[in-house]
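Participant: 3D, please:
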Amino acid sequence: MQYRTDKKSGNKLSVLGYGCMRFPGILGSIDMRKTEELVMRAIDGGINYFDTAWIYPGSEDALGTILEKNKVREKVYIATKLPLVLIKGSADFDKYFNQELKRLRTGYIDYYLMHMITDMAQWAKFKSWGIEEWIAGKKKAGLIRQVGFSFHGSQGEFLKVLDDYDWDLCLIQYNYSDENYQAGVTGLRKAAEKMPVMIMEPLLGGKLATGLPKAAVEIFKKANPELTPAAWALNWLWNQGEVTLMLSGMNDMAQLEENMRLADASNPQMLNQSDLDVYKRVLELINKSYKIHCTGCNYCMPCPKGVNIPACFASYNMSYAIGFYPGIQQFLTSTGLFAQRSSSPRLCVNCGKCEKHCPQQLPIMKHLVQVRRRLEPLWVRFVGVCARTFMGVKRIESGNG
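Facilitator: The predicted structure follows:
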């Protein structure tokens, strides 16, 4: 495992961090046996940075249980986050933080982030509630070692927030398909001048690993048949010295082992100009194929009307990148269009709740109309009616269908 130095604390951090949002599940809950195997193998392989959050269902508790059971808390750095979207006032700071300590079974947090800052106005609101004094008190007491923020807004707002406080770290979305999106390369380089920069969504919710157009996969394969598309994506990040570490939500052992092998061989400036030209060619194809840049983070969920928003968008993109009928098939399966209660985009009532929570600031309601027009035309709905009639199922729907 390769390590890069956190210039604020001096900590040596593994270039591969473990993103704990997508722990393997079973029957709607985290599969603790598989998760423990993955976490312990990661630690044995040199990964020492684990990133979780209050709003990742069951994640903090699972991580804390595993670290306590195996007596390895002091071998790793825990990063978790204050759920700003749930904070209603200053009294909530301690409410959530204290519960996170209990969930994680620890007496302190190594890296504590303000979760999902979108702009300077939002940060100013929390400052008016005394967040700076609260942070100072927790750091003085040793309950928080380093404080930072995760960002989901425009580059201009990122730079404002970055310069407004003496942060110890930041977490940004960044990959070869999003070089100029959100904080972007400009934000990365500016932040790296004074703090470690952690990267989320290195594979764009897995799409840069398994959801690329076939032609793009062939470009990578021809350039180096030994590297998977995921490997190309990770190497692009590690090639940049400004990147301290990148988070990967590894939920199976093969994925973990591959990523650790790649991390062990990574170095800044490891790519030559020929390699960089490969990314340019692939990116041209991606931009032509993907219509909705959703990462599948699920922050927009649950929808009050039951729309499976990430599944709708994934199916829509697949219908362009891979083929219309594979997209339709995924759409029918993932939205349960033939079931008693579907999660079709037809259920949307334009309440706007999803857009308020979208880290990518996508026009979700507009995109759902596009999905509906492409993947749920009249003939698909007719087939659905026939199928439900044949199966004796009465569909339950609400909304503006």
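Participant: what mean pLDDT does stretch 167-175 have?
Facilitator: When pLDDT is averaged along stretch 167-175, the result is 94.
Participant: now swap in stretch 12-32 and tell me
Facilitator: For stretch 12-32, the mean confidence score works out to 93.
Participant: can you give me the buried ones in it?
Facilitator: When burial is assessed from 16 or more other Cβ atoms under 10 Å, stretch 12-32 yields the following buried residues: 13-24, 30-32. For every residue, glycine as well, the C-beta is placed using N, CA and C.
Participant: which members of those occur in strands, if any?
Facilitator: Of the positions in the buried residues of stretch 12-32, 13, 14, 16, 17, 18, 19, 30 sit in strands, assigned by DSSP state E.
Participant: any idea how far the third one is from residue 250?
Facilitator: Between residue 16 and residue 250 the computed distance is 9 Å (Cβ to Cβ, to the nearest Å).
Participant: run a quick neighbour tally on residue 45.
Facilitator: By the criterion of other Cβ atoms under 10 Å, residue 45 has 17 neighbours.
Participant: identify the residues contacting the residue lying closest to it once chain neighbours are set aside.
Facilitator: Spatially, and ignoring its direct neighbours in sequence, residue 45 is nearest to residue 260 (4.5 Å; Cβ to Cβ, 6 or more residues apart in numbering). The neighbours of residue 260, taking Cβ atoms under 8 Å, 6 or more residues apart in numbering as the test, are 1, 16, 42, 45, 46, 47.
Participant: and the contacts of the longest helix that the chain contains?
Facilitator: Ranked by number of residues, the top helix in the chain under DSSP state H is helix 273-289. The contact list for helix 273-289 (Cβ under 8 Å, 6+ apart) reads 176-177, 212-213, 215-216, 219-220, 223, 232, 235-236, 317, 320-321.
Participant: switch to 6 Å and redo it
Facilitator: The set of residues external to helix 273-289 that reach it, using Cβ atoms under 6 Å, 6 or more residues apart in numbering, is 176, 177, 213, 215, 216, 219, 223, 320, 321.
Participant: what of stretch 16-26?
Facilitator: 30-31, 34-35, 42, 47, 49-52, 56, 59, 62-63, 245, 247-249, 251, 259, 263.
Participant: how far off centre is that stretch?
Facilitator: On the basis of Cα atoms, centre = their mean, to the nearest Å, stretch 16-26 sits 10 Å off its chain's mean C-alpha point.
Participant: quick check: end-to-end length of it?
Facilitator: Distance across stretch 16-26, first residue to last, is 26 Å (Cα to Cα, to the nearest Å).
Participant: can you give the contact residues for stretch 49-58?
Facilitator: With contact meaning Cβ under 6 Å, 6+ apart, stretch 49-58 is reached by 13-14, 17-21, 30, 59-60, 63, 76-81, 83, 96, 115, 245, 247.
Participant: residues of it that come out buried?
Facilitator: Using 16+ other Cβ under 10 Å as the burial criterion, the residues of stretch 49-58 that qualify are 49, 50, 51, 52, 53, 54, 55, 56, 58.
Participant: likewise stretch 219-233?
Facilitator: 219, 220, 223, 227, 228, 229, 230, 231, 232, 233.
Participant: same check on stretch 64-81?
Facilitator: Per 16+ other Cβ under 10 Å, stretch 64-81 contains these buried residues: 64, 65, 66, 67, 73, 76, 77, 78, 79, 80, 81.
Participant: quickly find the element holding the fourth one.
Facilitator: The reference is to residue 67. Secondary structure here is read from DSSP states H and E; on that basis residue 67 sits in helix 59-69.
Participant: burial of the closest residue to residue 12 other than its chain neighbours, as a residue count?
Facilitator: Distances taken as Cβ to Cβ, 6+ apart place residue 3 nearest to residue 12, at 4.3 Å, with adjacent residues excluded. Neighbourhood size, residue 3 [other Cβ under 10 Å]: 17.
Participant: for residue 245, see how far away residue 3 is.
Facilitator: Noted for residue 3: a distance of 9 Å to residue 245, by Cβ to Cβ.
Participant: got it, and residue 56?
Facilitator: Taking Cβ to Cβ as the measure, residue 56 falls 18 Å from residue 245.
Participant: what of residue 11?
Facilitator: As defined by Cβ to Cβ, residue 11 lies at a distance of 11 Å from residue 245.
Participant: who's more crowded, those two?
Facilitator: The neighbour comparison of residue 11 against residue 245 (other Cβ under 10 Å) goes to residue 245, with 27 against 19.
Participant: wait, doesn't that one sit right on residue 12?
Facilitator: No - counting by Cβ atoms under 6 Å, residue 245 sits too far from residue 12 to count as a contact (10.6 Å).
Participant: in which helix or strand would I find the nearest residue to residue 1 once chain neighbours are set aside?
Facilitator: Taking Cβ to Cβ, 6+ apart as the measure, residue 1 lies nearest to residue 46, with 2.8 Å between them; neighbours along the chain are not counted. Assigned by DSSP H and E, residue 46 falls within no helix or strand.
Participant: right, and residue 46 touches residue 12 too?
Facilitator: No - at 10.3 Å, residue 46 and residue 12 do not qualify as touching, with contact defined as Cβ under 6 Å.
Participant: show me the protein divided up by domain.
Facilitator: 3-288, 309-391 (automatic domain parsing).
Participant: which one of those has the lowest average pLDDT?
Facilitator: Least confidently modelled of the domains of the chain is domain 309-391, at a mean of 78 by mean pLDDT.
Participant: in the stretch 1-150 of the chain, which spans are helices?
Facilitator: Using DSSP state H, counting those that start in this stretch, the helices assigned to the stretch 1-150 of the chain run over residues 32-44, 59-69, 91-104, 120-128, 131-140.
Participant: ok so residue 362 is a helix residue?
Facilitator: No - checked against DSSP: H, G, I helix; E, B strand; the rest coil, residue 362 lies outside a helix; its state is coil.
Participant: not counting its neighbours along the chain, what's nearest it?
Facilitator: If the residues on either side of it in the chain are set aside, residue 362 comes closest to residue 294, at 6.4 Å by Cβ to Cβ, 6+ apart.
Participant: quick one: the one you found from residue 207, how far?
Facilitator: As it turns out, when the distance is counted by Cβ to Cβ, residue 294 lies 9 Å from residue 207.
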